[in-house]
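K.L.:
I would like to see how this sequence folds:
(2 chains)
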Amino acid sequence: MLCYYRDMNNQEIARLLRRVAVAYVINDEKKYRFQIIAYQRAADAIESAVAEISDLYRENKLDTIPGVGASMQQSLTELCKTGEVKHFQTLLASVPPAMFPLLNIPSFGPKKAYRLVTHFHLTDEKTVINDVKKLAEEGKIAELEGFGEKSQGEMLKAIQEFQLVKNVGQRMPLPYANELAQQIITYMKQIPSVEEIYPLGSLRREVETIGDVDLGVGTHDAKAVLDHFVNYPYKTRVLDCGDIGASLLASNGIRVDIKTQSPETFGAMLQHFTGSKDHNVHLREIALKRHVSLSEKGIKDLKTEKMKTYKTEESFYAALDMQWIPPEMRENVGEIELAQKKRLPNLVELKDMKGDMHIHSSFPMEESHDAGQSPIETMLEKAKKLGYSYLAFSEHNPSISKHSQKEVATLIQKRNEHIDKIYSKINSVRVVKMLETDILVNGELAIDNSSLELLDATIVSIHSSFQMDRKAMTSRILKGLSHPKAKIFAHPTGRLINERKGYDVDWEQLFDFCAKNNKALEINAFPSRLDLTDSLIRQARKYHLKFSIDTDSHAVEQMDLMQYGVSVARRGWLSKGDILNCMEYNELIEWLRR
DNA sequence: GCCGTTTTCGGCCCGACTGTTTTCAGTCG
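P.N.:
I've put the predicted structure just below:
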């Protein structure tokens, strides 16, 4: 019998593998503990993989995913071929499907979920969360052995909060999380017991979106610090509070964790809570081979049982014979091996930025997309304050449905004259005359050569027909980029965080084209874009192409967002030499003409 | 089930916190 099915995407495959891990937990956690870890790791790897599993299968490249070994490859192959895996189905038949929705709620793990679902005979995946909520409200859960009044109450709160947060939306873009962290840090600094305090976790690694805010405090009086913390006025409630750490739910629903440690051992704690989990796990595996054990308290010699403490992170990594690893790199994607060889790249820094290539001023270009709000003069003044030596104005091209190509050329001419007039007055920050030109569906640029000739270069980008298939979209982009004036491809994936998935592109082909033809890919610093993404940058980096870190500012204040583009570039392992706008002006102009 | 610059066999990260417990299980980061 023929069976038609749709390819599963990476998210769905990861979810399936996690369910298999859960089934193993229920069957016999002790016996299968390493399988459980293996399935969870494979799920993590697949979830964060750049390429789709279904594509890798077709290209015979399933073995390129770390954490996916021979057995898992076989299962994935079976999945891609037939849409199911016999071994998985046998396992999953032993656990009630209704338990899975509960696992999305904090404080619900496999054991609790299984117990509730089987004891109360809950079978409907769609209603199970509300069913448990009702049971808790009726006091029926406290009657179960191993459960009590308190856990029943906590369960109810967890469900209510989950249902609330789910409606709001999950992860917070980095800039907003940063602001929340700074507010709490200011509050914590009110008491003298807080000797030092830093953001940790994904915030310190500058991940594009943040799940919860982690803070670390160096103190000799943990109790005073935690007392002050749990009294933070803008909270929903305190989640837990122990001797050395506490966590609360901020009024916007974001979880805030705080950990304390004496300043003498602060280095180990910084390291521990900066993560990532994968980075730390790998580091501890290496440590074990050297017969030492790592924790937030320091490094313990397993033979003598003696604990060594570390005041700084540098000394902690040095004790393992490694270079200090910048937090942005700590994702276990090869950084540990490089640190051992002392060959970590020198990451780009904010102060290396010499200009911004993507600026929308309020000059009336009569564009079809969003116009900028601040005058050219204002933005040039700001550029001077930021220490830039040049600024590129890249307004959207004038609307081509409302203007003839001749009118377009006239508008550009006018803007150029305006720029020249201002430049002769200010004369400190150099101006690059650019435009952000649409690549039309057929791959042609929206404006003709007589207009393009008026520019130093143009950024090109996709603002329409996002749904093309990969082959068509790729050739559309390559054709647009082929124009000699087209030098930067803006916000390459087109995604909007939490809003819109990007379009489908053959990345390897695009990277190769850019490297061979002197085209740069943009790293757009706008908070909802952060595009390219860190993992695509790491992939692109192997092609030795240039990147341009730009703010895409539509108002003068937004020019401060450059730091977030630099964060993404650092997470993509880029150095100053990889970045177009780290070049001096003359070098830049020469590159644009190449 | 995965993995290897001390291993292709024999290992596999570490600790905190809570609740329901008289010594531990479950969950989390």
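
K.L.:
shaky segments in chain A?
P.N.:
Within chain A, the stretches with pLDDT under 70 are A:1-5, A:165-170.

K.L.:
80 - rerun?
P.N.:
For chain A, applying pLDDT under 80 flags the ranges A:1-7, A:48, A:50, A:164-171, A:252-253, A:368, A:423-427, A:498-499.

K.L.:
buried sites along whichever helix in it runs longest?
P.N.:
Once chain A is assigned using DSSP state H, the helix that runs over the most residues is helix A:405-426. In terms of neighbour count (16 or more other C-beta atoms under 10 Å), helix A:405-426 has its buried residues at A:408-409, A:411-412, A:415-416, A:418-419. Using the backbone N, CA and C atoms, a C-beta is placed for each residue, glycine as well.

K.L.:
dump those into JSON lines; add distance to A:Glu143 as well.
P.N.:
Compiled in JSON lines, those are given as follows (distance: C-beta to C-beta, whole Å):
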{"residue": "A:Val408", "distance to A:Glu143": "75"}
{"residue": "A:Ala409", "distance to A:Glu143": "80"}
{"residue": "A:Leu411", "distance to A:Glu143": "75"}
{"residue": "A:Ile412", "distance to A:Glu143": "76"}
{"residue": "A:Arg415", "distance to A:Glu143": "75"}
{"residue": "A:Asn416", "distance to A:Glu143": "79"}
{"residue": "A:His418", "distance to A:Glu143": "77"}
{"residue": "A:Ile419", "distance to A:Glu143": "76"}
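
K.L.:
so the closest residue to DNA strand B within the stretch 201-350 of chain A versus A:Thr260, what's the distance?
P.N.:
The nearest approach of the stretch 201-350 of chain A to DNA strand B comes at A:Gly242, 2.3 Å away (C-beta to the nearest atom of the strand). From A:Gly242 over to A:Thr260 the distance is 10 Å, taken as C-beta to C-beta, to the nearest Å.

K.L.:
may I have the beta-bridge partners of the spatially closest residue to A:Leu411 that is not a sequence neighbour?
P.N.:
With C-beta to C-beta, 6 or more residues apart in numbering as the criterion, A:Leu411 has its nearest non-adjacent residue at 4.8 Å, and that residue is A:Pro398. A:Pro398 has these beta-bridge partners by DSSP bridges: A:Glu367.

K.L.:
wait, A:Pro398 sits on A:Glu407?
P.N.:
Yes - A:Pro398 is within contact range of A:Glu407, at 7.1 Å (criterion: C-beta atoms under 8 Å).

K.L.:
anything in contact with each of those two?
P.N.:
Common contact partners of A:Pro398 and A:Glu407 (C-beta atoms under 8 Å, 6 or more residues apart in numbering): none.

K.L.:
ranges for the helices of the stretch 201-350 of chain A?
P.N.:
Taking DSSP state H, counting those that start in this stretch, the helices of the stretch 201-350 of chain A run over residues A:201-204, A:222-230, A:266-274, A:277-289, A:313-319, A:335-340.

K.L.:
of the ones you listed, flag the one that's most buried.
P.N.:
helix A:266-274 (a mean of 24; mean count of other C-beta atoms under 10 Å).

K.L.:
by how many degrees do it and helix A:277-289 diverge?
P.N.:
Relative orientation of helix A:266-274 versus helix A:277-289 (axes from the mean of the first three to the mean of the last three C-alpha atoms, to 10 degrees): 130 degrees.

K.L.:
packing partners for helix A:266-274?
P.N.:
The contact analysis (3 or more C-beta pairs under 8 Å, 6 or more residues apart in numbering; DSSP states H and E) places helix A:266-274 against strand A:196-200, helix A:201-204, strand A:213-218, strand A:255-261, strand A:292-295, helix A:313-319.

K.L.:
now do 10 Å
P.N.:
strand A:196-200, helix A:201-204, strand A:213-218, strand A:255-261, helix A:277-289, strand A:292-295, strand A:298-301, helix A:313-319 (3 or more C-beta pairs under 10 Å, 6 or more residues apart in numbering; DSSP states H and E).

K.L.:
contact residues of the stretch 251-400 of chain A facing DNA strand B?
P.N.:
A:255, A:257, A:273, A:277, A:280-281, A:284-285, A:287-291, A:293-297, A:300 (C-beta under 7 Å from any atom of the strand).

K.L.:
one step back: need the helices of the stretch 201-350 of chain A in a markdown table (columns: distance to A:Met155).
P.N.:
Output for those, formatted as a markdown table (distance: least, C-beta to C-beta, whole Å):
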| stretch | distance to A:Met155 |
| --- | --- |
| helix A:201-204 | 26 |
| helix A:222-230 | 21 |
| helix A:266-274 | 27 |
| helix A:277-289 | 26 |
| helix A:313-319 | 38 |
| helix A:335-340 | 39 |
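
K.L.:
for the ones you listed, which one sits closest to A:Pro364?
P.N.:
helix A:201-204 (40.5 Å; C-beta to C-beta).

K.L.:
which elements pack onto the closest one?
P.N.:
Going by 3+ C-beta pairs under 10 Å, 6+ apart, helix A:201-204 lies up against helix A:174-188, strand A:209-210, strand A:213-218, helix A:266-274.

K.L.:
so is the shortest one next to DNA strand B?
P.N.:
The one in question is strand A:209-210. No - contact of strand A:209-210 with DNA strand B is not found when judged by C-beta under 7 Å from any atom of the strand; the minimum separation is 11.7 Å.

K.L.:
and the closest residue in space to A:Gly245 that isn't next to it in sequence, how far from A:Tyr310?
P.N.:
Sequence neighbours aside, A:Lys259 is the residue nearest to A:Gly245 in space, at 4.5 Å (criterion: C-beta to C-beta, 6+ apart). Counting by C-beta to C-beta, the gap from A:Lys259 to A:Tyr310 is 16 Å.

K.L.:
for the residue nearest the centre of chain A, give me its contacts.
P.N.:
Taking C-alpha atoms, centre = their mean, the centroid of chain A lies closest to A:Glu208, which sits 3.4 Å from it. When contacts are counted by C-beta atoms under 10 Å, 6 or more residues apart in numbering, A:Glu208 is found next to A:171, A:173-174, A:202, A:497, A:527, A:529-531, A:533-534, A:564, A:567-568, A:571.

K.L.:
so which of those residues is the closest to A:Ala339?
P.N.:
The closest of those to A:Ala339 turns out to be A:Arg571 (C-beta to C-beta; 15.9 Å).

K.L.:
chain neighbours aside, what residue packs nearest to the closest one?
P.N.:
Nearest non-adjacent residue to A:Arg571 (C-beta to C-beta, 6+ apart): A:Asp534, at 3.7 Å.

K.L.:
who's in contact with the one you found?
P.N.:
A:Asp534 touches A:205-208, A:328-329, A:331, A:333, A:523, A:567-574, counting by C-beta under 10 Å, 6+ apart.

K.L.:
with A:Val566 instead?
P.N.:
A:Val566 makes contact with A:206, A:328, A:347-353, A:523, A:525, A:549, A:574, A:579, according to C-beta under 10 Å, 6+ apart.

K.L.:
residue contacts, A:Leu380?
P.N.:
A:359, A:361, A:388, A:391, A:393, A:419, A:422-423, A:425-426, A:428-431, A:556.

K.L.:
about what we covered before: contacting residues around the residue nearest to A:Leu411?
P.N.:
Contacts for A:Pro398 (C-beta under 10 Å, 6+ apart) come out as A:364-368, A:405, A:407-412, A:415, A:435, A:446-447, A:451.

K.L.:
no further questions, thank you.
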